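S.K.: quick one: sequence plus predicted model below, questions after.
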Amino acid sequence: MPKNNILVLNSGSSSLKFSIINLDEKKEYLSGLAECLNTNESRIKWALGGVKYTENLPNANHETTIKFFTSHILANEMSLLSSIKAIGHRVAHGGEKYVEEVLINDEVIDEINKVSCFAPLHNPANLVGIKAAMKSFPDLKNKNVAVFDTSFHTTLPKSAYLYALPIELYQKYGIRRYGFHGISHYYVMQQASICLGKDPEQLNLITCHLGNGCSVTAIKNGLSVDTSMGFTPNEGLMMGTRTGDLDANILLYLQENLGLSPNEVSQMINKQSGILGLTQITNDFRYLAEHQSEEEIGVTLDIFVHKLAKYIGGYSTLLDGKLDAIVFTGGIGENSALLREKVLNKLSILGFEVDVEANNSMVGQKMGVITRDDAERKALVIPTNEELVIAQKTDQLINRYII
């Protein structure tokens with residue numbers, strides 16, 4: 001078994017994704033997902049050696065899941081366990097202090113905790129995963145690396161990241177747009193560079209990460225110059241359970257006139273809104289596609305498409321007329337031909353013409369162009385691979401310090 005393996009952990013509020021990646025062979029030896037954590041329906045799924053497994057773990061949390069991972073899954077794969085040279089963690093928010101990946105120590109943990117108020121659904125879960133990994137892999141305690149979702153967006157100009165609030169709120173408290181999904185936007189930019197045959201430094205894109213969380217980024221000459229998520233991951237597009245853009249006075253109205261507490265308002269805008277809030281049935285985009293003929297479901301789909309097309313159109317003005325392509329990624333972006341067609345049809349003024357056959361065939365981890373050959377501009381589908389980016393950045397940092 002090769003020794004140059006990286007364990008990647010992506011801890012969500014109720015989930016834990018994990019994979020072991022060998023960068024020399026560009027091979028994923030193991031991958032899995034624990035979901036519905038802290039509930040009676042907790043379960044873990046993984047793939048190893050071409051075989052898929054599922055195990056129910058009622059009421060498991062992050063720590064017990066990682067313990068199961070080490071004591072059950074890896075216990076029978078000692079060569080795989082001993083091959084791990086470092087652990088890479090996806091961390092949602094690094095604040096202004098961390099503009100790139102960093103070795104995790106007590107100071108880093110304190111800073112991640114400090115900016116948790118900016119990403120309350122993500123950073124606390126990331127920290128739980130980090131601490132559980134350090135406990136379960138004591139020999140690798142000093143080889144844990146944080147890779148931040150905000151890092152790619154540290155190139156935003158002030159015109160993009162400052163809010164029109166009293167400036168001291170930024171100066172004293174760091175209230176500004178930070179942006180998220182940066183690992184995914186960075187990866188698909190690199191892949192688009194290969195697909196289009198242009199160096200990243202010459203590439204102008206609008207990348208759309210569309211899943212339960214959704215964001216759009218304008219990339220100019222390989223750098224993020226604007227992005228839809230802001231101070232927290234709630235700003236921007238409508239999402240599975242999040243509102244996206246919202247008149248701030250609505251929040252005051254909910255508290256002052258409906259008597260909702262700040263926590264109740266937070267729950268509403270983060271976990272009870274978006275697709276779920278409008279349909280009152282589901283947060284799953286696939287349901288919208290399957291039931292689009294039903295009036296209220298159809299309206300929800302139209303709202304999603306409207307907001308996405310509006311962002312893409314607006315961001316096209318930031319690229320000096322040199323937009324090379326739109327990229328669709330994420331669970332929805334990669335798999336919903338319906339969404340891609342509807343959005344591109346709204347953007348025909350920008351020169352996009354859908355190749356219906358190519359678009360319909362682009363599902364299931366396929367990468368390619370979905371616009372006609374004679375279209376003025378291209379649209380691409382590129383499956384994201386955040387785990388690979390985390391592994392690469394972890395490996396580079398570890399090698400830099402020669403630990």
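M.R.: Sure, I can see it. Remember, it's a predicted structure, so these values are computed and weren't measured experimentally.

S.K.: for the rest of this, base every contact and every neighbour count on C-alpha atoms.
M.R.: Fine.

S.K.: ok, for Leu37, nearest residue in space, not its chain neighbours?
M.R.: Ser14 (4.8 Å; CA to CA, 6 or more residues apart in numbering).

S.K.: Val216 too?
M.R.: Per CA to CA, 6+ apart, closest to Val216 is Cys208, 4.5 Å.

S.K.: for stretch 300-319, give the mean pLDDT please.
M.R.: What stretch 300-319 shows for mean pLDDT is 97.

S.K.: actually stretch 72-87, not the one I typed
M.R.: pLDDT averaged over stretch 72-87 gives 86.

S.K.: wait, the residue nearest to Leu37 sits on Leu33?
M.R.: No - here Ser14 lies out of contact with Leu33, judged by CA atoms under 8 Å, at a distance of 10.7 Å.

S.K.: and the residue nearest to Leu37, how close does it get to Asn270?
M.R.: Distance from Ser14 to Asn270, counting by CA to CA, to the nearest Å: 14 Å.

S.K.: Met78: how many residues sit nearby?
M.R.: 12 (other CA atoms under 10 Å).

S.K.: packing partners of whatever helix or strand Gly313 lives in?
M.R.: Using DSSP states H and E, Gly313 sits in helix 295-315. Helix 295-315 is packed against strand 214-220, helix 274-279, helix 285-290, helix 337-346, with contacts defined by 3 or more CA pairs under 8 Å, 6 or more residues apart in numbering; DSSP states H and E.

S.K.: please list the residues outside the third one that contact it.
M.R.: Read that as helix 285-290. With contact meaning CA atoms under 8 Å, 6 or more residues apart in numbering, helix 285-290 is reached by Gly240, Ile275, Ile297, Gly298, Thr300, Leu301, Ile332, Ser336, Leu338.

S.K.: likewise stretch 120-136?
M.R.: Contacts for stretch 120-136 (CA under 8 Å, 6+ apart): 9-13, 16, 62-63, 66-67, 70, 89-93, 109, 112-113, 115-116, 140-141, 144.

S.K.: now it: buried residues?
M.R.: Of all the residues in stretch 120-136, those buried under the rule 16 or more other CA atoms under 10 Å are 120-134, 136.

S.K.: likewise stretch 167-180?
M.R.: Gly174, Ile175, Arg176, Arg177, Tyr178, Gly179, Phe180.

S.K.: how about stretch 92-105?
M.R.: Quick answer for stretch 92-105 (16+ other CA under 10 Å): Ala92, His93, Gly94, Gly95, Tyr98, Val99, Glu100, Glu101, Val102, Leu103, Ile104.

S.K.: did I read that right, Ile112 in a helix?
M.R.: Yes - counting by DSSP: H, G, I helix; E, B strand; the rest coil, Ile112 falls inside a helix.

S.K.: related to what we said a few turns ago, check which helix or strand the residue nearest to Leu37 maps to.
M.R.: Applying DSSP H and E, one finds Ser14 in no helix or strand.

S.K.: likewise the one 4 residues further on?
M.R.: Remark: Phe18 resides in strand 16-22, with elements defined by DSSP H and E.

S.K.: who's in contact with that strand?
M.R.: 2, 4-11, 27-35, 62, 84, 129, 387-388, 391.

S.K.: tell me which other helices or strands the helix or strand just after that strand touches.
M.R.: Going down the chain from strand 16-22, the next helix or strand is strand 27-35, by DSSP H and E. Applying 3+ CA pairs under 8 Å, 6+ apart, one finds that strand 27-35 contacts strand 16-22, strand 43-48.

S.K.: possible to save those strands as TSV with mean pLDDT, distance to Ser316 and mean neighbour count?
M.R.: Output for the helices and strands packed on strand 27-35, formatted as TSV (pLDDT from 0 to 100; distance: least, CA to CA, whole Å; neighbours: other CA atoms under 10 Å):
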stretch	mean pLDDT	distance to Ser316	mean neighbour count
strand 16-22	93	34	23
strand 43-48	94	40	18
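
S.K.: would you turn those into TSV with distance to Glu376?
M.R.: Shown next, in TSV, are the helices and strands packed on strand 27-35 (distance: least, CA to CA, whole Å):
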stretch	distance to Glu376
strand 16-22	39
strand 43-48	42
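
S.K.: among the ones you listed, which comes closest to Met189?
M.R.: Closest of the helices and strands packed on strand 27-35 to Met189 is strand 16-22, at 21.0 Å (criterion: CA to CA).

S.K.: any idea how far the nearest residue to Leu323 once chain neighbours are set aside is from Lys135?
M.R.: The shortest distance from Leu323 to any non-neighbouring residue, by CA to CA, 6+ apart, is to Asn204 (5.2 Å). Plainly put, Asn204 is 43 Å away from Lys135 if you go by CA to CA.
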